[in-house]
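Trainee: Give the three-dimensional model of this entry:
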Amino acid sequence: MNSKKMDIGSKDIISNLPDALLGHVLSFLPTTEAASTSVLAKRWRYLLAFVPTLDLDNMIYDRPKMGRRKRLEIRKSFKLFVDRVLALQGNAPLKKFSLRCKIGSDPSRVNGWVLKVLERGVVEFDLYIASEYEYPLPPEVLMTKTLVRLKLAGTDEFTVDVGEVFLPKLKTLHLTAISFGDEGGPPFAKLISACLALEELAMIKMMWDYWEFCSVSNPFLKRVTIDCENIDENPKSVSFDTPNLVYLEFTDTVAVKYPKVNFDSLVEASIGLRMTPDQVFDARDLVNSHHGYKRCKGANAADFMMGICNVKTMYLSSEALEVLTFCCKKAIPVFNNLIHLTVETDERVDWESLPILLKNCPNLETLIFEGLHYGDLNQCFDKDYSFKDTNECYGDQGDTCQCKPWYGTPVWLSSSPVKILKVLKFGQISSYKDDMERQTDLIEHFLESMPNLEQVILYYDTTFDDDLKIVSTQLQMLEKIASTKCEIQVISDNISYSFTVYSSSSTSGLNFFKDTFPV
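Mentor: Predicted coordinates:
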């Protein structure tokens with residue numbers, strides 16, 4: 001072998017890279033691991049000074065089973081480590097600072113770190129504080145002109161007092177499990193409206209700061225995720241003035257009113273509205289329901305639903321489906337643009353609002369069910385509202401009840417534009433003893449009634465090969481189907497096999513069965 005080639009191959013090419021480039025490489029590691037490279041060689045000793053991203057976390061080492069003394073030692077060594085890293089880097093520009101820290105009653109050291117990185121022009125700031133004592137966020141954080149991304153998270157003792165706000169470049173704001181102080185009026189609304197470049201907002205595991213009036217108002221927002229934790233009260237008023245919003249994920253107790261809902265540009269929405277426990281108890285009282293008591297008191301989601309009616313893609317939780325039944329004092333709006341709808345189902349929730357919703361989706365192409373559970377209407381009512389546990393019972397309109405998740409045969413089935421029907425978690429068993437039979441009956445009902453179906457996909461939650469064969473055989477033996485060009489697949493990821501059943505153009509129904517094949 002040529003000795004010249006050997007010399008070239010034996011050189012430490014990585015160590016000869018520029019300091020700035022090596023610092024960039026080390027920025028992809030947690031800072032403690034990046035610091036450990038200093039022992040590799042003299043060349044690496046001070047490279048940490050050139051790392052533009054600091055990722056510091058003492059939570060992974062601070063565990064109760066270690067004992068109090070060991071935990072105190074870890075916290076002390078962590079503080080010394082952070083001090084040394086910040087001293088080594090001096091005033092060099094900093095791109096990202098991430099700190100996860102459990103602190104005691106004195107936050108002064110943590111605040112010193114925070115103020116230091118703010119002075120260095122940090123662009124992304126991620127702070128998680130766990131404390132048994134109140135920890136107020138240093139007000140300087142909300143007055144940082146270089147911040148583009150701000151993420152604050154922690155325990156309820158982590159508080160943010162919104163006084164002066166100057167975040168001219170902030171585009172992303174994530175808030176998780178923190179509390180707002182009372183300074184300067186409704187702090188959340190004030191913070192959001194003051195961020196004039198804000199495009200993405202996430203508010204997780206939090207509560208609206210003022211129950212009388214809650215507002216999200218910002219003309220630049222494009223994505224909003226809100227998950228409010230309070231479930232015992234209905235907010236008095238919730239407003240959205242976000243004309244450029246494209247994506248909304250909203251989970252909250254349904255409000256008394258929605259005076260302003262401006263979603264002019266909304267394309268996709270995931271809705272998890274829910275009633276309070278007391279409202280749920282009243283709403284699920286079947287006797288009251290069939291005597292005409294169908295509106296929960298003190299809540300109305302009608303204006304909110306009207307505000308999102310232009311969406312193209314929508315997800316509804318099972319609780320939101322129930323809100324449509326009991327908490328809409330106006331008719332469910334028409335969703336002319338909706339082409340993709342996903343509905344979560346629950347065995348405690350009936351589908352009374354679903355036929356109306358689907359009837360008001362004239363251009364719907366894809367319908368997805370997460371499970372096929374629904375409130376047990378097998379215990380039907382005859383004309384005197386007495387229970388009859390039979391498949392040949394009479395509903396309150398005097399028509400034969402088919403014991404489906406709705407009364408009678410809804411019009412939306414026979415006129416449905418849906419081309420693709422998917423069922424996730426098919427076969428997932430609830431508390432009903434005949435749950436699998438109920439689900440299969442529903443699929444057969446869809447196939448027999450929906451004239452435009454082109455594809456039905458059942459994602460079967462089973463670990464048994466024979467289960468797939470049984471279901472597929474049942475579908476194959478259907479006497480009639482509404483669409484003669486429908487393809488049906490029964491798929492299980494656990495088994496990695498797929499069954500496909502095709503309909504023929506004749507009236508004999510499904511007469512071709514394709515053998516199993518690996519996915």
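Trainee: remind me, longest helix of this protein?
Mentor: Here the longest helix in the chain is taken by residue count, with DSSP state H as the criterion, and it is helix 68-89.
Trainee: what helices or strands is it leaning on?
Mentor: Under the contact criterion of 3 or more Cβ pairs under 8 Å, 6 or more residues apart in numbering; DSSP states H and E, the helices and strands touching helix 68-89 comprise helix 31-36, strand 53-57, helix 108-119. Every residue, glycine included, has its C-beta placed from N, CA and C.
Trainee: Could you rerun that using 7 Å?
Mentor: In this structure, helix 68-89 packs against helix 108-119, with contacts taken as 3 or more Cβ pairs under 7 Å, 6 or more residues apart in numbering; DSSP states H and E.
Trainee: Contacts for the helix it packs on, please.
Mentor: Surrounding helix 108-119, the residues in contact under the criterion Cβ atoms under 7 Å, 6 or more residues apart in numbering are 79, 82, 86, 94, 97, 99, 101, 103, 138, 140-141, 144.
Trainee: Which PyMOL command selects the buried ones in the residues you listed?
Mentor: In PyMOL, the members of the contacts of helix 108-119 classed as buried (16 or more other Cβ atoms under 10 Å) are selected with the following command:
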select buried, resi 79+82+86+94+97+99+101+103+138+141+144
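Trainee: So which of the contacts of helix 108-119 belong to helices?
Mentor: Restricting these to those inside helices, with DSSP H as the criterion, leaves 79, 82, 86.
Trainee: Closest one of those residues to residue 208?
Mentor: The nearest member of those to residue 208, counting by Cβ to Cβ, is residue 82 at 34.9 Å.
Trainee: Confirm for me that the closest one is in contact with residue 56.
Mentor: Yes. Under the contact definition of Cβ atoms under 7 Å, residue 82 touches residue 56, with a separation of 5.8 Å.
Trainee: Not counting sequence-adjacent ones, nearest residue to residue 449?
Mentor: Nearest-residue entry for residue 449: residue 413, 3.8 Å, with adjacent residues in sequence omitted and distances by Cβ to Cβ, 6 or more residues apart in numbering.
Trainee: hang on, the earlier thing: quick one: buried residues of the longest helix of the chain?
Mentor: When neighbours are counted by 16+ other Cβ under 10 Å, the buried residues of helix 68-89 are found to be 71, 74-75, 78-79, 82, 85-86, 88-89.
Trainee: can the residues you listed go into a markdown table with extra columns for distance to residue 344 and pLDDT?
Mentor: Shown next, in a markdown table, are those (distance: Cβ to Cβ, whole Å; pLDDT from 0 to 100):
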| residue | distance to residue 344 | pLDDT |
| --- | --- | --- |
| 71 | 41 | 68 |
| 74 | 42 | 71 |
| 75 | 43 | 75 |
| 78 | 42 | 83 |
| 79 | 46 | 87 |
| 82 | 44 | 88 |
| 85 | 46 | 84 |
| 86 | 47 | 89 |
| 88 | 51 | 83 |
| 89 | 48 | 83 |
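Trainee: who touches whichever strand or helix holds residue 423?
Mentor: Mapping residue 423 onto the secondary structure by DSSP states H and E places it in strand 420-426. The contact list for strand 420-426, computed with Cβ under 7 Å, 6+ apart, reads 365-372, 439, 446, 453-461.
Trainee: Show me how to select, in PyMOL, the buried members of the residues you listed.
Mentor: The following PyMOL command selects only the buried members of the contacts of strand 420-426, with burial defined by 16+ other Cβ under 10 Å:
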select buried, resi 366+367+368+369+370+371+372+439+446+453+456+457+458+459+460+461
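Trainee: Tell me which entries of the contacts of strand 420-426 lie within helices.
Mentor: With helices defined by DSSP H, the entries of those inside them are 439, 446.
Trainee: Including distance to residue 121, could the ones in helices among the contacts of helix 108-119 go into JSON lines?
Mentor: Output for the ones in helices among the contacts of helix 108-119, formatted as JSON lines (distance: Cβ to Cβ, whole Å):
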{"residue": "79", "distance to residue 121": "24"}
{"residue": "82", "distance to residue 121": "19"}
{"residue": "86", "distance to residue 121": "14"}
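Trainee: ok, so of the buried residues of helix 68-89, who is nearest residue 325?
Mentor: For residue 325, the closest of the buried residues of helix 68-89 turns out to be residue 71, at 50.9 Å, with distances computed as Cβ to Cβ.
Trainee: partners of the host helix or strand of residue 488 in the sheet?
Mentor: Assigning secondary structure by DSSP H and E places residue 488 in strand 487-492. Taking DSSP bridges as the criterion, strand 487-492 forms sheet pairs with strand 455-460 (parallel), strand 497-503 (antiparallel).
Trainee: Spit out the contact partners of the residue positioned nearest the centre of the chain.
Mentor: With distances taken as Cα atoms, centre = their mean, the chain has residue 249 as the residue nearest its mean C-alpha position (6.4 Å). The contact partners of residue 249, by Cβ under 7 Å, 6+ apart, come to 225, 270.
Trainee: show me where the stretch 101-250 of the chain has strands.
Mentor: Secondary structure of the stretch 101-250 of the chain by DSSP state E, counting those that start in this stretch: the strands cover 124-131, 135-136, 149-154, 158-160, 172-176, 179-180, 200-206, 214-217, 223-228, 238-241, 247-253.
Trainee: Format those strands as TSV; extra columns: distance to residue 340 and mean pLDDT.
Mentor: What follows is these, written out as TSV (distance: least, Cβ to Cβ, whole Å; pLDDT from 0 to 100):
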stretch	distance to residue 340	mean pLDDT
strand 124-131	33	93
strand 135-136	43	92
strand 149-154	30	96
strand 158-160	37	90
strand 172-176	26	96
strand 179-180	36	86
strand 200-206	22	93
strand 214-217	25	90
strand 223-228	18	95
strand 238-241	22	95
strand 247-253	13	96
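Trainee: Tell me which of those strands is the most buried.
Mentor: Highest mean neighbour count of those: strand 238-241, a mean of 22 (counted as mean count of other Cβ atoms under 10 Å).
Trainee: Pull the distance from that strand to the chain's centre.
Mentor: On the basis of Cα atoms, centre = their mean, to the nearest Å, strand 238-241 is displaced by 20 Å from the centre of the chain it belongs to.
Trainee: Sheet partners, orientation included, of the strand holding residue 423?
Mentor: For strand 420-426, the paired strands and their directions (DSSP bridges) are strand 366-370 (parallel), strand 455-460 (parallel).
Trainee: measure residue 326 to residue 186 for me?
Mentor: As for residue 326, its distance to residue 186 is 29 Å (criterion: Cβ to Cβ, to the nearest Å).
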